[in-house]
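1. make a model of this:
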Amino acid sequence: METTTLRVGEPRELLALIPFQLGFAPRDSAVVVSLRSPRRRVGLVARVDLADLTDATDGPQVARSLVTHLVSDGARSAVVVVYTDDDLQSRDQDEVAPRGTAVDPPHGVLAAYALREAGEYFLGEMECWVVGPRGFYNLECLDRACCPPGGRPLHELQSTAVGAEMVLRGATVAPSRADVGRIEMAPAAARRSARRSGSRWAARARAAVESSELYRWRLEGLQLWRHELDAARRGSETWTVPGTTALGRLQAALEDVLVRDAVLLSVLPGPARVGERILVGDAGEEVGEALRALTDPSDGTPPEEDVNRAARLVLEQVVAHGVRRGHGPALTLLGVLAWWEGDGARAGVLVERALAASPGYRLALLLDEALSAGMPPGWLRPGREEPAGGPGGL
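-> Okay, the predicted model is just below:
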């Protein structure tokens with residue numbers, strides 16, 4: 001699920017925006033887009049598989065759940081976009097069957113109808129678009145000059161203002177959901193070296209007898225993280241991947257919950273030394289204030305781009321060099337960063353991978369619940385003051 005503050009002026013612009021918001025080109029999917037009042041600003045963008053939406057048993061509940069997310073997002077109206085591999089040439093039933101013959105609507109059209117029925121009471125009649133392999137059309141449009149049988153050509157969606165703006169922002173569209181957030185593994189020799197380093201580092205923690213020894217181990221792990229984070233921020237395009245010794249130690253350190261939490265707090269606005277207090281189990285007011293930057297609708301702040309970028313660089317290398325069964329903490333932190341940026345699609349993929357690596361990992365489960373509930377980060381919550389200049393509409 002995604003939220004955006006981009007200004008979108010017409011349906012064609014909205015259709016061009018959706019793949020950028022999701023991070024991948026949807027297939028066999030239904031996407032619903034929240035339009036918030038008072039100026040129909042684009043809000044939540046949520047996707048579901050067509051098969052789930054049209055399932056005879058669970059489909060109605062899936063549709064109601066999506067509508068609930070839209071209403072919670074502050075939607076006053078919504079747009080449904082169906083992505084199908086069906087040939088749109090056959091959408092005119094009179095062309096594919098003799099008059100009087102009963103013809104089942106295409107799979108994607110059934111999905112659009114299901115969403116419209118579920119949302120009509122709360123959101124009125126939702127506008128519906130269908131995007132096929134070669135064209136797109138409005139489900140209600142009967143004007144063949146506007147929406148011919150095969151739909152309008154897809155190249156019209158590639159030359160839009162919003163598409164150009166997203167490219168300038170550096171946004172990309174992955175070929176499929178499976179490609180979102182993909183992290184290439186390091187060569188086997190580098191992974192073995194990192195694993196040995198991590199094993200030695202973890203053994204130090206297990207051997208700690210005094211609480212002061214364990215604190216020092218945690219503090220060294222946090223200081224190592226800060227060193228690599230600062231190097232990534234300073235290095236920009238000249239940054240080099242940390243050595244395998246450092247990456248192995250970081251993976252082992254992140255398996256400690258207190259170190260992991262201190263690492264998360266290191267990218268949030270707040271007192272510089274709050275991490276040290278976390279390491280001794282002090283979850284006081286300063287920690288709560290820092291976490292409000294993530295979740296609070298009033299105090300939530302967007303991430304600092306350079307800090308988040310540096311954190312992603314380091315965490316992705318921890319994953320690339322790490323033991324797969326230990327990927328959970330780093331993947332979860334990457335998911336939290338993606339969610340904070342408003343990239344719910346990437347966050348969802350990362351949290352799935354985190355739970356596959358570390359089933360039952362609590363922070364990943366909490367993030368998964370937030371994503372399933374359609375909860376955006378605080379700075380993107382509905383009801384916040386509009387930016388100067390006002391939003392665009394559809």
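2. what about residue 58, neighbour count?
-> Neighbourhood size, residue 58 [other Cβ atoms under 10 Å]: 12. C-betas here are computed from N, CA, C, even on glycine.
3. measure it to residue 48 for me?
-> 11 Å (Cβ to Cβ, to the nearest Å).
4. identify the contacts common to these two.
-> Common neighbours of residue 58 and residue 48, counting by Cβ atoms under 8 Å, 6 or more residues apart in numbering, are absent.
5. where does the prediction get shaky in the stretch 251-394 of the chain?
-> For the stretch 251-394 of the chain, the stretches with pLDDT under 70 are 271-272, 283-286, 381-394.
6. kindly recompute the last result at 90.
-> 268-302, 305, 341-346, 348, 369-394 (pLDDT under 90).
7. can you give me the helices for the stretch 151-300 of the chain?
-> Using DSSP state H, counting those that start in this stretch, the helices of the stretch 151-300 of the chain run over 161-168, 188-207, 211-235, 244-254, 257-265, 274-279, 285-295.
8. in a markdown table: those helices, plus mean neighbour count.
-> Listed next are the helices of the stretch 151-300 of the chain as a markdown table, based on neighbours: other Cβ atoms under 10 Å:
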| stretch | mean neighbour count |
| --- | --- |
| helix 161-168 | 16 |
| helix 188-207 | 16 |
| helix 211-235 | 17 |
| helix 244-254 | 25 |
| helix 257-265 | 21 |
| helix 274-279 | 20 |
| helix 285-295 | 17 |
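9. make JSON lines from those helices and add distance to residue 75 to it.
-> Shown next, in JSON lines, are those (distance: least, Cβ to Cβ, whole Å):
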{"stretch": "helix 161-168", "distance to residue 75": "20"}
{"stretch": "helix 188-207", "distance to residue 75": "46"}
{"stretch": "helix 211-235", "distance to residue 75": "38"}
{"stretch": "helix 244-254", "distance to residue 75": "38"}
{"stretch": "helix 257-265", "distance to residue 75": "31"}
{"stretch": "helix 274-279", "distance to residue 75": "37"}
{"stretch": "helix 285-295", "distance to residue 75": "21"}
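10. any idea which of those gets closest to residue 31?
-> helix 161-168 (15.3 Å; Cβ to Cβ).
11. packing partners for that closest one?
-> helix 11-22 (3 or more Cβ pairs under 8 Å, 6 or more residues apart in numbering; DSSP states H and E).
12. quick check: angle from the helix it packs on to helix 161-168?
-> 30 degrees (axes from the mean of the first three to the mean of the last three Cα atoms, to 10 degrees).
13. from the chain's centre, how far out does helix 11-22 sit?
-> Relative to its parent chain, helix 11-22 has a centroid offset of 15 Å by Cα atoms, centre = their mean, to the nearest Å.
14. now do stretch 138-151
-> That offset, for stretch 138-151, works out to 33 Å (Cα atoms, centre = their mean).
15. pull out the buried positions in it.
-> The neighbour-count check on stretch 138-151 (16 or more other Cβ atoms under 10 Å) flags 138, 139, 147, 148, 150, 151 as buried.
16. please report how far the fourth one lies from residue 123.
-> In this case it means residue 148. Computed with Cβ to Cβ, the distance linking residue 148 and residue 123 is 29 Å.
17. before we move on, the earlier item: out of the buried residues of stretch 138-151, which is nearest to residue 281?
-> For the buried residues of stretch 138-151, the nearest to residue 281 is residue 139 (56.5 Å; Cβ to Cβ).
18. confidence score at residue 184?
-> Model confidence at residue 184, expressed as pLDDT, equals 91.
19. in strands, which of the buried residues of stretch 138-151 appear?
-> Among these, the members falling in strands (DSSP state E) are residue 138.
20. what would the buried residues of stretch 138-151 look like in CSV with distance to residue 204 and pLDDT?
-> Listed next are those as CSV, based on distance: Cβ to Cβ, whole Å; pLDDT from 0 to 100:
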residue, distance to residue 204, pLDDT
138, 63, 88
139, 62, 85
147, 66, 82
148, 69, 82
150, 65, 77
151, 62, 83
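21. now the buried residues of stretch 138-151 in a markdown table, with distance to residue 350?
-> Shown next, in a markdown table, are the buried residues of stretch 138-151 (distance: Cβ to Cβ, whole Å):
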| residue | distance to residue 350 |
| --- | --- |
| 138 | 35 |
| 139 | 34 |
| 147 | 38 |
| 148 | 41 |
| 150 | 37 |
| 151 | 34 |
